[in-house]
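K.L.:
predicted coordinates and the sequence they were generated for:
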Amino acid sequence: MEKIIVQATVNASKEKVWDYYTGPRHIVNWNFASEDWCCPKADNDCRVGGKYFARMEAKDGSFGFDFEATYTEISPFENFTYQFGERLATVEFVESNGQTNVTVTFDPEAENPIALQRQGWQSILNNFKHYAENNS
């Protein structure tokens, strides 16, 4: 099955973007696709073999789930890959002219349409961009 790719260009240095993308104190502020969702808890052991964990919930309490992954590759400030179930996701950070392009490439799951998965992950990445650009 073809991989899904989402991208955003963030008006910030690669170091700041990496910190905001991988730091649990930041993850809880952006890791959700819409304003009626939240991320009340995140943990991140950003090393090969380390675990990533984020709890995502509807603010009204009607639904929630845990996202857990294990890092398989890490090049600090450049990229990382993690595995969740049988799927992989790679996040790349490329800085140019004071901006950082973030590209997320991931294996789709079989339960939801590709367009819906792309939209959800793009919404989360857009939320990240907004958070990183508007917080110091």
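P.N.:
That came through fine.
K.L.:
C-alpha only now, for contacts and for neighbours.
P.N.:
Will do.
K.L.:
in the longest helix that the chain contains, what's buried?
P.N.:
Criterion DSSP state H: the longest helix present in the chain is helix 114-134. Judged by neighbour count (16 or more other CA atoms under 10 Å), helix 114-134 contains these buried residues: 117, 120-129, 131-132.
K.L.:
quick one: residues in contact with that helix.
P.N.:
With CA atoms under 8 Å, 6 or more residues apart in numbering as the test, helix 114-134 has contacts from 4-12, 16-17, 20-21, 29-34, 108.
K.L.:
where does pLDDT dip in the chain?
P.N.:
Scanning the chain for pLDDT under 70 picks out no residues.
K.L.:
for the chain, what spans make up the helices?
P.N.:
14-22, 24-30, 114-134.
K.L.:
which one of those helices lies nearest to residue 41?
P.N.:
Residue 41 lies closest, by CA to CA, to one member of the helices of the chain: helix 24-30, at 6.1 Å.
K.L.:
just checking, what packs against the closest one?
P.N.:
helix 14-22, strand 37-44, helix 114-134 (3 or more CA pairs under 8 Å, 6 or more residues apart in numbering; DSSP states H and E).
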